[in-house]
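A.B. asks: need the 3D shape of this:
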Amino acid sequence: MDIRPEHDAAGHRFVLYADGDSAVISEYFDIDRRRNFFRTVTLGQYRGRGLAAVLTEYALDDTRRKGLSVVPSCWFVREFIETNAAAYGDLLTSAEPHV
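C.D. replies: Prediction:
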């Protein structure tokens, strides 16, 4: 399978293409130097192949390059960061400022 992750900045999403088809989409919004990932969707026929993890890694690497922190509202992104804390734990922030 030929896979290709892309950043669709205008659409505020990352897309992973598998054999030319849109297989995984991760949506976000940016505010105050934070990127909030709020939804990751894998189309049915592509589930269980680790493609969401490939796209999440790509998206988090892009986020780091841009100097942004991450608010993982999406459960998948949150669990990915927790599982890979050594590589991505430093990107975490909270959605609300601490008082």
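A.B. asks: for the rest of this, base every contact and every neighbour count on C-alpha atoms.
C.D. replies: Noted.
A.B. asks: which residue ranges of the chain form helices?
C.D. replies: For the chain, the helices defined by DSSP state H cover 51-65, 75-83, 85-88.
A.B. asks: what average pLDDT does the shortest one get?
C.D. replies: This points to helix 85-88. Mean pLDDT, helix 85-88: 98.
A.B. asks: which of the residues in it are buried?
C.D. replies: When burial is assessed from 16 or more other Cα atoms under 10 Å, helix 85-88 yields the following buried residues: residue 88.
A.B. asks: the second one too?
C.D. replies: Of the residues in helix 75-83, those buried by neighbour count under the rule 16+ other Cα under 10 Å are 76, 77, 78, 80, 81.
A.B. asks: with adjacent residues omitted, what lies nearest to the first one?
C.D. replies: Nearest residue to residue 76, sequence neighbours excluded (Cα to Cα, 6 or more residues apart in numbering): residue 40, at 6.9 Å.
A.B. asks: I figured residue 91 hits residue 66, correct?
C.D. replies: No - with contact defined as Cα atoms under 8 Å, residue 91 does not reach residue 66; the gap is 11.4 Å.
A.B. asks: of those two, who's got more company?
C.D. replies: residue 91 (20 against 10; other Cα atoms under 10 Å).
A.B. asks: could I get the lengthiest strand in the chain in PDB with only the CA atoms?
C.D. replies: For the chain, the strand that runs over the most residues, judged by DSSP state E, is strand 21-31. Output of strand 21-31 as PDB, limited to C-alpha atoms (Å, rounded to 0.1, in the frame of the first residue of the first chain):
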ATOM      1  CA  ASP A  21      -7.800   7.500  -1.300                       C
ATOM      2  CA  SER A  22      -8.300   9.700   1.700                       C
ATOM      3  CA  ALA A  23      -7.900   7.100   4.500                       C
ATOM      4  CA  VAL A  24      -7.400   9.100   7.700                       C
ATOM      5  CA  ILE A  25      -8.300  12.700   8.500                       C
ATOM      6  CA  SER A  26      -7.200  14.600  11.700                       C
ATOM      7  CA  GLU A  27      -8.800  18.000  12.200                       C
ATOM      8  CA  TYR A  28      -7.500  20.800  14.400                       C
ATOM      9  CA  PHE A  29      -7.700  24.500  15.100                       C
ATOM     10  CA  ASP A  30      -4.900  26.800  16.100                       C
ATOM     11  CA  ILE A  31      -5.200  29.500  18.800                       C
END
